[in-house]
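From the sequence below, what's the structure:
(one chain, ligands or ions: 1)
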Amino acid sequence: MSRGLDARSSAGAGRQSCRCEVPGSRDNDVRSQASRGTALNKGKHLKTVFVGAARPNFMKIAPILDEVRAFPVIHPVLVHTGQHYDRELSDVFFEELGISAPDIHMGVGSGSHAKQTARVMMEFEKVLLTERPALVVVVGDVNSTLACSLTSAKLHVPVAHVEAGLRSFDRSMPEEINRMVTDTLSSLLFTTCEDANVNLRNEGVTPERIHFVGNVMIDSLKNHIEIARQSDVLSRLSLGERNYAVLTLHRPSNVDSEEALSRIVDAVCEIQKELPVVFPVHPRTRKGLGAERFKKQLGQARNFILLDPLGYLDFLRLLLSARLILTDSGGIQEESTVLGIPCLTLRENTERPVTVSHGTNTVVGTDPERIVRETREIIAGRGKEGRVPPLWDGKASSRIAAVLAGWLEKERN
Ligand code: UD1
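Numbering: from 1, shown residues only. Sure thing, here's the model as predicted:
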């Protein structure tokens, strides 16, 4: 097993799987060991485990890890669950965002929801028993977020959830289940917007657990925007200022069935006749597009530019100069709002309504005619102009670090 901060600081320390044994066979043994771990930490630097798992997690964790350095009471241990493992969905973000190699890499990989969640839980239990952290920090709404929160709660290790309180009110989305369960289990809930605060209060969360800090994704954006401007992705793709659209798609509801995917592909094949559409393709979506019915259609759509997933800096550069963004991602709705680029969300709902009320986002669903119509409005210069939501100012992570430090100080004394 690769371990602790020693592994992190030693030259060449890299990703290794956690292979520690779980001592004791009864649940009570396991729970009491973890509790003892927390008690033993009293009076010392307190270990805080930060969990990263999948692509959208890394830009949320990076600025927090930077800011916690200012607080000696926080002793960070970075755990990568391995939910995303391809270089282009994981390693490239560590390099571009300047995140140190994970202290522990659990290497769980893909699987059904149950298998992936269970594997993360089994491996993360070992991590908690060995590291004995005072606190676990999870971000976002992926399966690993839920699995690590649940494992921590069962071992009585407090959890802090970054990006708490977002609700689509659509329980067919796996992320909605992950968000609800994680919030229920968390002691510290860091929110990005007022509607999240309201959602949490409506669910009975006491106000002292809720910390309205702003949006860490926007911290990363602000920290990297200047360097992203230097990316040559536009010249590589022969694209000019505002003369293309960007498309991203990976929601199971849009890409796992051929019929759903074909509605969006039909719309984009129309749009690309008027404006080139650049489409970095997620592995899940790549599988769907492999179906026979799309081959001829995509082959004829000359301005529909399909790419492998892009790194953070190239993708940010692409967003910066786009005429519009078509997406089913959550984070990209937020990024387009801050960049002032019109965004059409290809879903029936959003858990980020502030991007609609304040920002440049419009939720358009997946009806091809509506997608094409709304796109034409934007091309004609009638796209939404928005404003930046409160506290999306690039300082969310420093607020989070201060709250974590205060909480840990109390634990230590
Ligand atoms: C996951 C998150 C989603 C997030 C998205 C960003 C859940 C439920 N979903 O969805 O919230 O927006 O990440 O990408 O946690 N695969 C690879 N390489 C990888 C990882 C995955 O090829 O590195 C393929 C596998 O075939 C896998 C499929 O993509 O079965 C889906 O991966 P998975 O992690 O299950 O969910 P995502 O669709 O990526």
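
Show me where the stretch 151-300 of the chain dips below the pLDDT cut-off.
Within the stretch 151-300 of the chain, the set of residues satisfying pLDDT under 70 is empty.

the strands in it, which residues?
Here the stretch 151-300 of the chain has its strands, by DSSP state E, counting those that start in this stretch, at 159-164, 188-191, 210-212, 245-248, 277-280.

can you dump the C-alpha coordinates of the first one into CSV?
Looking back up the chat, that one is strand 159-164. Extracted in CSV, the C-alpha atoms of strand 159-164 (Å, rounded to 0.1, in the frame of the first residue of the first chain):
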residue,chain,number,x,y,z
VAL,A,159,-17.7,14.3,6.5
ALA,A,160,-17.5,17.7,4.8
HIS,A,161,-19.3,18.0,1.5
VAL,A,162,-18.2,20.6,-1.0
GLU,A,163,-21.0,21.6,-3.4
ALA,A,164,-23.8,20.6,-1.1
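
among the strands of the stretch 151-300 of the chain, which is nearest residue 60?
strand 159-164 (6.1 Å; Cβ to Cβ). Where C-beta positions appear, they are placed from N, C-alpha and C, glycine not excepted.

Partner strands of that closest one and their direction?
strand 135-139 (parallel), strand 188-191 (parallel) (DSSP bridges).

need those in TSV with distance to residue 93 and mean neighbour count, can you?
Converted to TSV, those look like this (distance: least, Cβ to Cβ, whole Å; neighbours: other Cβ atoms under 10 Å):
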stretch	distance to residue 93	mean neighbour count
strand 135-139	13	28
strand 188-191	21	24
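
looking at those strands, which is closest to the ligand?
Of all the strands paired with strand 159-164, it is strand 135-139 that lies closest to the ligand, at 11.4 Å by Cβ to the nearest ligand atom.

The closest one vs the ligand: in contact?
No. Judged by Cβ under 6 Å from any ligand atom, strand 135-139 stays clear of the ligand, getting no closer than 11.4 Å.

So what's the model's average confidence on that strand?
For strand 135-139, mean pLDDT rounds to 98.

ok, back up a step: which of the strands of the stretch 151-300 of the chain is buried the deepest?
Stretch with highest mean neighbour count among the strands of the stretch 151-300 of the chain: strand 159-164 (a mean of 27; mean count of other Cβ atoms under 10 Å).

What parts of the protein come near the ligand?
54-56, 83-86, 89, 110, 141-143, 174-175, 250, 282-284.

that older thread, present the strands of the stretch 151-300 of the chain as TSV; the columns should include distance to residue 258.
Below are those laid out as TSV (distance: least, Cβ to Cβ, whole Å):
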stretch	distance to residue 258
strand 159-164	32
strand 188-191	38
strand 210-212	42
strand 245-248	18
strand 277-280	17
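
Of all those, which one comes closest to residue 263?
strand 245-248 (13.4 Å).

Show me the contact partners of that closest one.
For strand 245-248, contacts defined as Cβ atoms under 8 Å, 6 or more residues apart in numbering pick out 268, 271, 275-280, 282, 318-319, 322-329, 332, 375.

at 6 Å what do you get?
For strand 245-248, the surrounding residues in contact (Cβ atoms under 6 Å, 6 or more residues apart in numbering) are 275, 277-279, 318, 322-327, 329, 332.

I figured residue 272 hits residue 300, correct?
No. Using Cβ atoms under 6 Å as the test, residue 272 is too far from residue 300 to be in contact (10.2 Å).

neighbour count winner among those two?
residue 272 (20 against 9; other Cβ atoms under 10 Å).

burial measure for the residue lying closest to the more buried one once chain neighbours are set aside, as a count.
Of all residues beyond its chain neighbours, the one nearest residue 272 is residue 303 (4.0 Å), with distances taken as Cβ to Cβ, 6 or more residues apart in numbering. Using other Cβ under 10 Å, residue 303 has 16 other residues around it.

now swap in the one 5 residues further on and tell me
Burial measure for residue 308: 11 neighbouring residues, criterion other Cβ under 10 Å.

Regarding residue 57, which helix or strand does it belong to?
Element membership for residue 57 (DSSP states H and E) is helix 55-68.

any idea how far the helix or strand following that helix is from the chain center?
Remark: after helix 55-68, the chain's next helix or strand is strand 74-80, criterion DSSP H and E. Distance of strand 74-80 from its chain centroid, counting by Cα atoms, centre = their mean, to the nearest Å, is 17 Å.

Quick one: mean pLDDT over strand 74-80.
pLDDT averaged over strand 74-80 gives 97.

Same question for stretch 384-393.
96.

which parts of it are buried?
For stretch 384-393, a neighbour-count test (16 or more other Cβ atoms under 10 Å) marks 384, 386, 389, 391-392 as buried.

will you turn the residues you listed into a markdown table that also has secondary structure?
Putting the buried residues of stretch 384-393 into a markdown table (DSSP: H, G, I helix; E, B strand; the rest coil) gives the following:
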| residue | secondary structure |
| --- | --- |
| 384 | coil |
| 386 | coil |
| 389 | coil |
| 391 | coil |
| 392 | coil |
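
biggest separation within these, which pair?
Of all pairs in the buried residues of stretch 384-393, the most separated under Cβ to Cβ is 384 and 391 at 21.0 Å.

Just want the residue of the stretch 101-250 of the chain that's nearest the ligand.
Counting by Cβ to the nearest ligand atom, the stretch 101-250 of the chain gets nearest to the ligand through residue 142 (3.2 Å).

my read: that residue touches residue 52, true?
No. Taking Cβ under 6 Å as the definition, residue 142 is not a contact partner of residue 52, at 9.8 Å.

Those two - which one has more neighbours?
residue 52 (31 against 26).

The one residue in the stretch 151-300 of the chain that gets nearest to the ligand: neighbour count?
Nearest residue of the stretch 151-300 of the chain to the ligand: residue 283, at 3.2 Å (Cβ to the nearest ligand atom). As a burial measure, residue 283 scores 14 neighbours (other Cβ under 10 Å).

how near is the closest residue to it other than its chain neighbours to residue 153?
Nearest residue to residue 283, sequence neighbours excluded (Cβ to Cβ, 6+ apart): residue 86, at 6.7 Å. According to Cβ to Cβ, to the nearest Å, residue 86 stands 30 Å off from residue 153.

Tell me which of those two has more neighbours.
Comparing residue 86 with residue 153 by other Cβ under 10 Å, the one with more neighbours is residue 153, at 18 against 12.

Cool, thanks, talk later.
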